[in-house]
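K.L.:
structural data only, the sequence is not supplied:
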């Protein structure tokens, strides 16, 4: 009788132990395409041949925040849940770089609005570029990408850093070989794009799909216009300075997107320019020193500022416009107080910075959907 | 021998020429009809155009720009306004809306709701309305800018001019009617002639020009040219200097509207 009681206790103990261990069903065979390293129970789902993986992607619809235009999605790269998940994995995977030490996320940090807090980013070989890494915020609405606009689509953009010698310094041939030797990627590309051989085209398509989901529209600014919060008097003053010819910020940082999708020379330098900007792409001297208008959303987090990251604080940026900038042959006629400046008071400058900080969207920079 | 050859050759020639005549006789009789593939009643079998072709009339509106009567050249400091200020033109973007054709029976055709013109993009200099009904058209009207029914914040969020023409809410919202920008006096002093619905006011204006345009089945293409004479923005009745920020200046906006209505725009028809 006593023995039986002990036995019963033992059974109860074992059962409770088992309960504590989470059972994750999945494929536990490391050689399978769909090997799940966290699976504890093999459910017989292992797949060893891409040909039998079913292709049944789940469509994903981008919902444009009100007052944003409808996002343009390329016809040949429709958004799917599988494509976005694959793009997120690739974006954060160091496998894309020549020596496996850098991912896209190494220089596009979420906490910095997917830009680099370093003035210039360091490539895998220790080399530095001469421009500050662009943010990736509402980039799905960009009509061109890079500071000089040399890529039209996000797909085009993603081709560049992987093979850029001062960035990931890889070759696409090598990337394709590496990915095709990886069972997990073979499985994910099949699920997302129905392909058996992974190629560069589908790598950039997946990354672009992920980037199109990086939408920021829940800042204090957005909440103010949804009448969920009040601006402080200083923020409100800054808003008016920004949106009148007193500050004249709105002509380039236009609408709720805070971009105009155009290129301008904002009077940073006299000639000759160290960086020709748009002219490097168009070859036109009339485009010398022009750069793409960056969004101001999450500007508080995306320091340093300007194409070359020359300013570390928003106060320095405001001071640039307040002192008027430098003349050059291509300076924008919108810089109509050139050399004179906005002549704002210290309080007004503070108000402008306070307004710029209403564009901070902490939900965006901490959104777990964007992290691996 | 030579003679035989000559005879044979001559006979062969006669026969071959005879054959030709026979062939000609075999061809079907000429068919009369419309021989123009662009016509709606094109007859592929027709060999003689009998003037019966019926056309769908396409109307192209062209927007042209002059300064002092000469075609606009951007960038060069070659212009002088009524005040005597030398200036150049670097940017010209504007919205023309409610472009409407009026006929003598009172019917109208809305050719375009809103058209955006950007001097840096030649594809914006014209648009074509494909099917103009037969009628006798007597005038064309158009609005410079957007009237109050159209000049609303974010109304054109999906149009390509949305971002570049937006007019901020603290100054009334809606859109710039026009952005005319460049340098004046010297290369480093800039003007921005930006017109719009300052503080919610309506400074758009509707112009109507008499035209003589009879559209029937025989009319294939028509061109109507709407020209903007840029110097006249600053001339009559108000002499306006390029100096100063004007987006909040209701007086300047009113003066530009008056000048605009006077003689900035002219219309010509090429049929």
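P.N.:
All right, it came through fine. Here the structure is a predicted model, which is why all the values come from computation and not from measurement. Numbering: from 1, shown residues only, chains lettered A, B, ... in the order given.

K.L.:
for chain B, see how far away residue A:343 is.
P.N.:
Distance, residue A:343 to chain B, by Cβ to the nearest Cβ, to the nearest Å: 12 Å. Using the backbone N, CA and C atoms, a C-beta is placed for each residue, glycine as well.

K.L.:
state the mean pLDDT of stretch B:220-232.
P.N.:
Mean per-residue pLDDT for stretch B:220-232: 96.

K.L.:
what does stretch A:268-279 give?
P.N.:
97.

K.L.:
is any part of it close to chain B?
P.N.:
No: Stretch A:268-279 lies out of reach of chain B by Cβ under 8 Å from any Cβ of the partner chain, never closer than 10.8 Å.

K.L.:
just the buried residues of that stretch, please?
P.N.:
A:268-269, A:273, A:275-279 (16 or more other Cβ atoms under 10 Å in any protein chain shown).

K.L.:
what parts of the stretch 51-200 of chain B come near chain A?
P.N.:
Listed as neighbours of chain A in the stretch 51-200 of chain B under the rule Cβ under 8 Å from any Cβ: B:75, B:90-91, B:154, B:157-158, B:162-164, B:166, B:168-171, B:181-183, B:187-192.

K.L.:
just the buried residues out of the residues you listed, in PyMOL syntax.
P.N.:
In PyMOL, a selection of the buried entries from these looks like this (16+ other Cβ under 10 Å):
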select buried, chain B and resi 90+91+154+157+162+163+164+166+168+170+171+181+182+183+189+190+191+192
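
K.L.:
and residue B:207, what helix or strand is that in?
P.N.:
Using DSSP states H and E, residue B:207 sits within strand B:205-215.

K.L.:
next secondary structure after that strand?
P.N.:
strand B:221-229.

K.L.:
and for that following strand, what are the contacting residues?
P.N.:
B:57-69, B:94, B:96, B:132, B:140, B:142, B:211, B:213, B:215, B:263-271 (Cβ atoms under 8 Å, 6 or more residues apart in numbering or on different chains).

K.L.:
and stretch B:133-144, by the same measure?
P.N.:
Applying Cβ under 8 Å, 6+ apart, the contact partners of stretch B:133-144 are B:57, B:94, B:96-105, B:107, B:109, B:177-178, B:204-217, B:224, B:226, B:260, B:264-265, B:267.

K.L.:
narrow those residues to those that are buried.
P.N.:
Judged by 16+ other Cβ under 10 Å, buried ones among those: B:57, B:94, B:96-103, B:109, B:177-178, B:204-205, B:207, B:211, B:213, B:215, B:224, B:226, B:260, B:264-265, B:267.

K.L.:
ok so, going back, mind giving me the ChimeraX command for buried ones among the contacts of strand B:221-229?
P.N.:
The buried subset of those, as determined by 16+ other Cβ under 10 Å, is captured in ChimeraX by this line:
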select /B:57,58,59,60,61,63,65,67,94,96,132,140,142,211,213,215,264,265,267
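
K.L.:
of the contacts of strand B:221-229, which belong to strands?
P.N.:
Members of the contacts of strand B:221-229 lying in strands (criterion: DSSP state E): B:57-67, B:94, B:96, B:132, B:140, B:142, B:211, B:213, B:215, B:265-270.

K.L.:
neighbours around the residue lying closest to residue A:302 once chain neighbours are set aside, how many?
P.N.:
Nearest residue to residue A:302, sequence neighbours excluded (Cβ to Cβ, 6 or more residues apart in numbering or on different chains): residue A:113, at 4.0 Å. Using other Cβ atoms under 10 Å in any protein chain shown, residue A:113 has 28 neighbouring residues.

K.L.:
quick one: low-confidence parts of the stretch 1-150 of chain A?
P.N.:
Where the stretch 1-150 of chain A drops to pLDDT under 70, the residues are A:1-21.

K.L.:
which residues touch the closest residue to residue A:108 other than its chain neighbours?
P.N.:
Sequence neighbours aside, residue A:114 is the residue nearest to residue A:108 in space, at 4.2 Å (criterion: Cβ to Cβ, 6+ apart). Residue A:114 makes contact with A:108, A:135-137, A:214, according to Cβ under 8 Å, 6+ apart.

K.L.:
try it again with 6 Å
P.N.:
A:108, A:135-136 (Cβ atoms under 6 Å, 6 or more residues apart in numbering or on different chains).

K.L.:
in strands only, show me the residues you listed.
P.N.:
Using DSSP E, none of those sit in strands.

K.L.:
near chain B, which residues of the stretch 101-250 of chain A?
P.N.:
A:240, A:243-245, A:250 (Cβ under 6 Å from any Cβ of the partner chain).

K.L.:
out of the residues you listed, who's the most crowded?
P.N.:
Neighbour max across those (other Cβ under 10 Å) = residue A:245, 23 neighbours.

K.L.:
can you lay out the residues of the stretch 101-250 of chain A next to chain B as JSON lines showing secondary structure?
P.N.:
Listed next are these as JSON lines, based on DSSP: H, G, I helix; E, B strand; the rest coil:
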{"residue": "A:240", "secondary structure": "helix"}
{"residue": "A:243", "secondary structure": "coil"}
{"residue": "A:244", "secondary structure": "coil"}
{"residue": "A:245", "secondary structure": "coil"}
{"residue": "A:250", "secondary structure": "coil"}
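
K.L.:
would CSV of these with distance to residue A:287 be doable?
P.N.:
Below are those laid out as CSV (distance: Cβ to Cβ, whole Å):
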residue, distance to residue A:287
A:240, 33
A:243, 28
A:244, 29
A:245, 26
A:250, 23
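
K.L.:
beta partners for residue 59?
P.N.:
No chain was given, so I picked chain A. residue A:80 (DSSP bridges).

K.L.:
if you could check chain B rather than the one you did, that'd help
P.N.:
Residue B:59 forms beta bridges with residue B:129, residue B:222, as assigned by DSSP bridges.

K.L.:
look up how far residue B:271 lies from it.
P.N.:
Note on residue B:59: its distance to residue B:271, by Cβ to Cβ, to the nearest Å, is 10 Å.

K.L.:
residue A:34 now?
P.N.:
Residue A:34 sits 70 Å away from residue B:271, taking Cβ to Cβ as the criterion.

K.L.:
look up how far residue A:334 lies from the closest residue to chain A within the stretch 1-150 of chain B.
P.N.:
Using Cβ to the nearest Cβ, residue B:90 is the residue of the stretch 1-150 of chain B that sits closest to chain A, at 5.2 Å. Look at residue B:90 and residue A:334: by Cβ to Cβ, they are 10 Å apart.

K.L.:
name the residues contacting each of those two.
P.N.:
By Cβ under 6 Å, 6+ apart, no residue touches both residue B:90 and residue A:334.

K.L.:
hmm, residue A:121 is touching residue A:105, no?
P.N.:
No: the criterion here is Cβ atoms under 6 Å, and residue A:121 misses it with residue A:105 at 11.7 Å.

K.L.:
centre-most residue in the chain?
P.N.:
With no chain named, the answer covers chain A. residue A:136 (2.9 Å; Cα atoms, centre = their mean).

K.L.:
sorry, I should have been clearer: chain B.
P.N.:
The structure's chain B has its C-alpha centroid closest to residue B:62; by Cα atoms, centre = their mean the separation is 1.4 Å.
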